[in-house]
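Peer 1: sharing a model that was predicted from the sequence below.
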Amino acid sequence: MDWSDSWRGAFRIELRAEAISLAYRGWPVLPGTYPAGSEQGVTQWAGRSGLELHGPIPVHRDWVDRIGTRPEQVATWWAGRSYSLLVATGHVIDAIEVGTDLGRRAAVALRSIGVPVPIAATPSGRWMFLVKSGSKLNAELGNNADVHLYGKGESIPLPPTPLAHGVVHWRVKPSICGWNLPDAHIVQDALVEALHTPAGYQLEAA
């Protein structure tokens with residue numbers, strides 16, 4: 001990726017606009033550290049004091065206290081830097097993250113029952129299904145190393161956050177489901193169904 005200031009600046013306006021829009025809808029958005037180059041093949045992240053080895057993570061160390069900040073204040077966070085766009089999970093929103101293959105199969109299962117679900121995907125091939133917060137993974141998913149539930153005390157990057165090798169993007173935009181998040185059990189049922197899909201069964205791309 002091109003780590004130049006001009007490249008980051010091109011994203012800043014879009015990141016800020018998206019952050020404001022999500023904040024107006026009640027989503028708990030936060031500014032996150034952003035990629036600032038690499039050294040010996042390791043991406044470095046800027047946004048806090050000094051450089052971080054891991055990211056994106058919330059810029060503010062007291063980020064938990066900032067959840068629910070009014071959109072007008074959110075707008076000021078992106079006024080000067082191209083911060084990543086994060087959303088705090090465990091407050092309104094949780095996210096169930098899976099690999100590409102399982103995510104695609106689950107997305108097809110959800111589409112077959114007419115339930116659109118917002119899905120964000122990372123350049124590394126992780127799919128995040130956004131759901132209402134407050135549920136735990138069932139036993140089968142909880143024991144699966146390919147499945148992770150982001151809940152209280154965590155955050156996830158949302159589009160158009162730049163990562164080390166690309167940009168977070170929507171597989172299914174929230175507007176497709178009218179900005180209504182599904183109950184987590186609906187997505188979990190689809191994931192379980194996808195896990196039991198016979199090997200070699202061909203599914204159309206999500």
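Peer 2: Cool, got the structure. Numbering: from 1, shown residues only.
Peer 1: quick one, longest helix in the protein?
Peer 2: helix 5-24 (DSSP state H).
Peer 1: what residues of that one count as buried?
Peer 2: 8, 11, 12, 15, 16, 18, 19, 20, 22, 23 (16 or more other Cβ atoms under 10 Å). From N, CA and C alone the C-beta is placed, and that goes for glycine too.
Peer 1: I'd say the fifth one and residue 75 touch.
Peer 2: Yes - between residue 16 and residue 75 a contact is recorded at 6.7 Å, counting by Cβ atoms under 8 Å.
Peer 1: farthest-apart pair in the buried residues of helix 5-24, please.
Peer 2: 8 and 23 (21.3 Å; Cβ to Cβ).
Peer 1: quick revisit: okay, the buried residues of helix 5-24 in CSV with pLDDT and distance to residue 121 next?
Peer 2: Below are the buried residues of helix 5-24 laid out as CSV (pLDDT from 0 to 100; distance: Cβ to Cβ, whole Å):
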residue, pLDDT, distance to residue 121
8, 61, 21
11, 75, 17
12, 82, 22
15, 93, 17
16, 92, 22
18, 95, 16
19, 95, 19
20, 95, 23
22, 96, 17
23, 96, 22
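Peer 1: skipping its backbone neighbours, what lies nearest residue 27 in space?
Peer 2: Sequence neighbours aside, residue 87 is the residue nearest to residue 27 in space, at 5.5 Å (criterion: Cβ to Cβ, 6 or more residues apart in numbering).
Peer 1: how about the secondary structure of that neighbour?
Peer 2: Secondary structure, DSSP: H, G, I helix; E, B strand; the rest coil: residue 87 is strand.
Peer 1: now do the helices in the protein.
Peer 2: Using DSSP H, helices in the chain cover 5-24, 71-77, 100-112, 139-142, 184-195.
Peer 1: which stretch among the ones you listed comes nearest residue 170?
Peer 2: The nearest among these, by Cβ to Cβ, is helix 5-24 at 10.6 Å.
Peer 1: phi, psi of the nearest residue to residue 43 once chain neighbours are set aside?
Peer 2: Spatially, and ignoring its direct neighbours in sequence, residue 43 is nearest to residue 164 (4.2 Å; Cβ to Cβ, 6+ apart). Dihedral pair for residue 164: phi -60, psi -40, per degrees, to the nearest 10.
Peer 1: what sits against residue 164?
Peer 2: By Cβ atoms under 8 Å, 6 or more residues apart in numbering, the contact set of residue 164 is 1, 35, 38, 43, 123.
Peer 1: now, of those, which are buried?
Peer 2: Among these, the ones that count as buried (16+ other Cβ under 10 Å) are 35, 43.
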